[in-house]
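Engineer: next comes the sequence, and after it the predicted model I'd like to discuss.
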2 protein chains.
Amino acid sequence: MKLNFEISKSKRKKLYIQLYDEIKNMIFTKQILPNEKLPSVRQLVNRFSLNSSTVLKAYELLETEGHIYKIPGSGTYVKDRKNYVEDQEQKPIIENFKYGQIRINESINFASATPGVEVFPTKKFQESINKVFHEAGGEALKYHETQGFIGLRKVLAERLKYDFHDVYCSNIHITSGAQQALDLIKKSLLKPTSTLILSRPTYSGAINTFKGSCKIVTVEMLEDGFDMEELEEILNQTNVNFVYTMINFQSPTGIRWSHEKKMKLIELSKEYDFMIIEDDCLSELYFYDNPAAPLKTLDKDNRIIYIKTFSKILIPGMRLAYMIVPKELSPQMVAAKFASDISTSGLNQRALTFLLRDGFLENHLEETRKLFRKKFELIVELIEEIQDLEIYYRPEGGFYIWIILPNFINSNDLYLELKKRGVSILPGNVFYPDGAKDNRIRISFAAVTEDEIKIGIKILNDTVMSFKKINNSSDDFMPII
Amino acid sequence: MKLNFEISKSKRKKLYIQLYDEIKNMIFTKQILPNEKLPSVRQLVNRFSLNSSTVLKAYELLETEGHIYKIPGSGTYVKDRKNYVEDQEQKPIIENFKYGQIRINESINFASATPGVEVFPTKKFQESINKVFHEAGGEALKYHETQGFIGLRKVLAERLKYDFHDVYCSNIHITSGAQQALDLIKKSLLKPTSTLILSRPTYSGAINTFKGSCKIVTVEMLEDGFDMEELEEILNQTNVNFVYTMINFQSPTGIRWSHEKKMKLIELSKEYDFMIIEDDCLSELYFYDNPAAPLKTLDKDNRIIYIKTFSKILIPGMRLAYMIVPKELSPQMVAAKFASDISTSGLNQRALTFLLRDGFLENHLEETRKLFRKKFELIVELIEEIQDLEIYYRPEGGFYIWIILPNFINSNDLYLELKKRGVSILPGNVFYPDGAKDNRIRISFAAVTEDEIKIGIKILNDTVMSFKKINNSSDDFMPII
């Protein structure tokens, strides 16, 4: 087979990614056929003057993603695309999302809600880790407190006491990410007889966690928060125990609640005696000089379980979040955490403690806000140029754009077609607890570069246009009766 | 108040621990009274020529453990011991263990089942972490695969393929410790209608996890494994779905199954169609030249879910374990893991990959085996000298000694009395799924030094003798009727 491409250090992409992309392209364009043998590692090393580790990494990635397979002692082969297609693409969309996750192989990723590597303070984190080893040695590798490293909880309590009421070491709980916080709430508080309110739409991870473990009632999300009339109707009819919500820059809509609705929700929580689960991923990532206050700042009566992850604002792979709970719930949370994984890695907790202590996070957030604001302004401008697409809400922070599709496209079809064209988005129906609207998509610009935004939105535009054409042309063939 | 003690660098204990011990002692002996103000940090710094950080650490520890409290702007005070005693000591034992954990404040810790800091390869682990940063940079801080970092799963598959049948990257799952593996099994496989077999006694963490989530039936643990006759009776009467077991150096008994019983259990699993959950913490830690094979080595029909933690044999705070599951169960496990915490810290997974690749673990285990053998021989010799105590089983590996008490002591009383005297053990009843026998205790020598073993077993001896005396003397006052 001919290898009609070059691998070059001068390109922006890493060498192994270049090689991966080129071979994947050859497979997709049938320049290499199913079950055909691929060049050996040695051949690629010689042909492109690469290290063997680079070639191995590219092959590893291709194998992981199901494009190639190895026969020990024989070589590496192209997977049968027919099977591949069956596996990956033709499954009904609901199947793909069944477990709250989706395989993201595409080069332009508008699906991921997590900032990319270029935003991570990698060097700073490495320094912190070494500082931990220097100061604590092996102590850092022991089991840490189930509730979380006391040093970290102290720093958090100190930082939060100005904004929040009743925050102490004793009611802060460190979790392995926000997902674990949701899981602990489910384990310790939700009963099959509990009623929990979710919005239409809401964060898909919350749907996954809570569905099946309690009764779920939904309320419409308007441009400034829940539909409060609908909520009050529900509260009058049903004994509601919990309300789950993202107050600022909600996933998937980007909506920020108005102050009035925030006050109202707190009031209602007292009147109707329910707890609020506030999942705060993004409050710090406001674009304009208009900081977004969590609902928790208004909570004088300990009605809120507050969840804050460091995945979106710092480093996702650290797997760290915290939860503030009313103090009477602390023992149950500790028990749930202990039964889940004993405790969270102390090394990461201690390294985070250093990052919080020396004021690093504030500078980092400043930079991150600027970066995301720039990406936001670019992507909104480009999407607004696309005929037929409507941005539902213009967010003031975060990284989600919630888009209403024209009536000639359904979100699953658009998702599948974009996937084929190398762009991933999330179809709107995954954000509906009762799986309703399919004319919405969520575009996240968390993990994409400005170049990728330009290319990706161009592809989105072309794809929308192609649906329009199909729609129009099929009209031509409609029998007139 | 007079501070009649000295803090000295020449002592074996760390400075802050010395200070902590002395102040705690003053509180317990009422040299400082409840609600009395303690010396300021500055005063202690001057009096003992310490760094302020040393004093702060000691006060922090005292505060964490509930001996003292701070009033901001005023000072540090002694907690009311009456309340303290109520909180910590007088609670019924069952309350203390309700959440599967217990507060270990004592200086000699025979309760912990985790090796101490001196065994950790701290330096080596730090090197590995830095190697990860060097080679992978920010990639190491991204979300990693939910099933576990592919590089780690590959190394494990490679290592395990000689001993185990059907082990591939695709059926290895990385978890945040063995406890999470148990939790994932519960989440993905156990139904309220499932029946699971636990032994009498068994690992308390398994009781905590499984109790309440399915039907539990128990079988007696004999000196070479389950009572197989009892097991077959149960199997004939009940539709059993799962059997949970530790095959080598079981907690709490230290028992190692005979080969015959291992074969028999596998056979029965086929005949009666149940799955075996093998929780393998300690197989590598055999004392004599007689390696202990996991049950999994005999499993040709994929009847076993195998769990292996690195907490006991490497570093607990790394929070890493793996699970091998029959491949048809892999998707459910991934789903359960995703819903629990998305994925495990990639940094730790990658660092472990390096440790496994370069053969470090084997050397480390060699050293660890020697160390524990030495401690084992010492502690067994000392316990055997105590009149009235009977070692139930003489283990060939691990770090548990299961002891039968004489009829004049009940394990809870002994536990409470030893706690007062600064020694912690675990009373046997926490290891019984249906809370039965209270004349056993588990002594673990995982976390203690040889010196601590000598002192601790001396205290154990004295305590047993004191119970004997009370018992005899109370006999004197028995009315003769």
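Structural biologist: The structure has been received and is ready for your questions.
Engineer: count the residues that sit near residue A:271.
Structural biologist: 10 (other CB atoms under 10 Å in any protein chain shown). C-beta here means a position set from N, CA and C on the backbone, and glycine is covered the same way.
Engineer: longest strand in chain A, please.
Structural biologist: Determined from DSSP state E, the single longest strand within chain A is strand A:215-222.
Engineer: please compute how far that one lies from its chain's middle.
Structural biologist: A distance of 21 Å separates the centroid of the chain from that of strand A:215-222, by CA atoms, centre = their mean, to the nearest Å.
Engineer: contacts for that strand next, please.
Structural biologist: Taking contacts as CB atoms under 8 Å, 6 or more residues apart in numbering or on different chains, the residues outside strand A:215-222 that touch it are A:192-202, A:210, A:226-227, A:230-231, A:234, A:238, A:240, A:250, A:253, A:255, A:432-434.
Engineer: in strands only, show me the residues you listed.
Structural biologist: The subset of the contacts of strand A:215-222 that ends up in strands is A:195-200, A:226, with DSSP E as the criterion.
Engineer: let me know the closest of the residues you listed to residue B:441.
Structural biologist: Minimum distance to residue B:441 across the ones in strands among the contacts of strand A:215-222 is 44.2 Å, recorded for residue A:196 (CB to CB).
Engineer: make CSV out of the ones in strands among the contacts of strand A:215-222 and add pLDDT, distance to chain B and neighbour count.
Structural biologist: Converted to CSV, the ones in strands among the contacts of strand A:215-222 look like this (pLDDT from 0 to 100; distance: CB to the nearest CB, whole Å; neighbours: other CB atoms under 10 Å in any protein chain shown):
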residue, pLDDT, distance to chain B, neighbour count
A:195, 97, 21, 18
A:196, 98, 16, 26
A:197, 98, 20, 26
A:198, 98, 16, 25
A:199, 97, 20, 26
A:200, 96, 21, 17
A:226, 98, 25, 24
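Engineer: ok, the residues you listed vs residue B:450, which is closest?
Structural biologist: When the ones in strands among the contacts of strand A:215-222 are ranked by distance to residue B:450 (CB to CB), residue A:196 comes first, at 54.4 Å.
Engineer: and the pLDDT for the nearest residue to the closest one once chain neighbours are set aside?
Structural biologist: Among residues not flanking residue A:196 along the chain, residue A:242 sits closest, at 4.3 Å (CB to CB, 6 or more residues apart in numbering or on different chains). Model confidence at residue A:242, expressed as pLDDT, equals 98.
Engineer: secondary structure element for the closest residue in space to residue A:408 that isn't next to it in sequence?
Structural biologist: With CB to CB, 6+ apart as the measure, residue A:471 is the residue that lies nearest to residue A:408, at 3.9 Å, once sequence neighbours are left out. With the criterion set as DSSP states H and E, the secondary-structure element containing residue A:471 is helix A:450-476.
Engineer: tell me the buried residues in that helix?
Structural biologist: Along helix A:450-476, the positions that meet the burial threshold by neighbour count (16 or more other CB atoms under 10 Å in any protein chain shown) are A:452-453, A:455-457, A:459-461, A:463-464, A:467.
Engineer: phi first, then psi, for the residue nearest the centre of chain A.
Structural biologist: Nearest to the centroid of the C-alpha atoms of chain A, with distances taken as CA atoms, centre = their mean, sits residue A:113, at 3.0 Å. With angles defined as degrees, to the nearest 10, residue A:113 sits at phi -110, psi 20.
Engineer: quick one: contacts for it?
Structural biologist: By CB under 8 Å, 6+ apart, the residues touching residue A:113 are A:251, A:312, A:399-400, A:444, A:446-447.
Engineer: do you know the pLDDT at it?
Structural biologist: Per-residue confidence for residue A:113 comes out at a pLDDT of 93.
Engineer: how close does it sit to residue A:443?
Structural biologist: Separation of residue A:113 from residue A:443 (CB to CB, to the nearest Å): 11 Å.
Engineer: same question for residue A:403.
Structural biologist: Taking CB to CB as the measure, residue A:403 falls 6 Å from residue A:443.
Engineer: joint contacts of those two?
Structural biologist: Here residue A:403 and residue A:443 have residue A:383 as joint contacts, going by CB under 8 Å, 6+ apart.
Engineer: still on that earlier bit, next, give me the two most distant ones among the contacts of residue A:113.
Structural biologist: Within the contacts of residue A:113 (distances taken as CB to CB), the two that end up farthest apart are A:251 and A:447, at 14.0 Å.
Engineer: shaky segments in chain A?
Structural biologist: A:11-12, A:81-106, A:436, A:473-481 (pLDDT under 70).
Engineer: compile the buried residues of helix A:450-476 into CSV and extend it with columns for distance to chain B.
Structural biologist: Shown next, in CSV, are these (distance: CB to the nearest CB, whole Å):
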residue, distance to chain B
A:452, 16
A:453, 20
A:455, 22
A:456, 20
A:457, 24
A:459, 24
A:460, 25
A:461, 29
A:463, 27
A:464, 30
A:467, 32
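Engineer: which one of those is nearest to residue A:6?
Structural biologist: Taking CB to CB as the measure, residue A:6 sits nearest to residue A:455 out of the buried residues of helix A:450-476, at 20.5 Å.
Engineer: give me the helices and strands touching the helix or strand harbouring residue A:401, please.
Structural biologist: With elements taken from DSSP H and E, the one containing residue A:401 is strand A:400-404. Helices and strands touching strand A:400-404, by 3 or more CB pairs under 8 Å, 6 or more residues apart in numbering or on different chains; DSSP states H and E, are helix A:360-384, strand A:390-391, strand A:440-444.
Engineer: still on that earlier bit, in the longest strand of chain A, which residues are buried?
Structural biologist: Of the residues in strand A:215-222, those buried (16+ other CB under 10 Å) are A:215-219, A:221-222.
Engineer: now swap in stretch A:14-29 and tell me
Structural biologist: Neighbour-count burial for stretch A:14-29, with 16+ other CB under 10 Å as criterion, is recorded at A:15-24, A:26-27.
Engineer: which one is residue A:187 nearest to, not counting chain neighbours?
Structural biologist: Closest residue to residue A:187 in three dimensions, ignoring its sequence neighbours and counting by CB to CB, 6+ apart: residue A:336, at 4.1 Å.
Engineer: would you mind listing what in the stretch 201-350 of chain A touches chain B?
Structural biologist: Residues of the stretch 201-350 of chain A lying near chain B by CB under 8 Å from any CB of the partner chain: A:208-209, A:311, A:315-319, A:331, A:334-335, A:338-348.
Engineer: out of the residues you listed, which are inside helices?
Structural biologist: Of the positions in those, A:208-209, A:331, A:334-335, A:338-341, A:346-348 sit in helices, assigned by DSSP state H.
Engineer: out of those, which are buried?
Structural biologist: The neighbour-count test (16+ other CB under 10 Å) applied to these identifies A:208-209, A:334-335, A:338-341, A:346-348 as buried.
Engineer: per-domain residue ranges of chain A.
Structural biologist: Described in terms of automatic domain parsing, the domain architecture of chain A consists of the residue ranges A:15-88, A:93-113+A:362-467, A:122-359.
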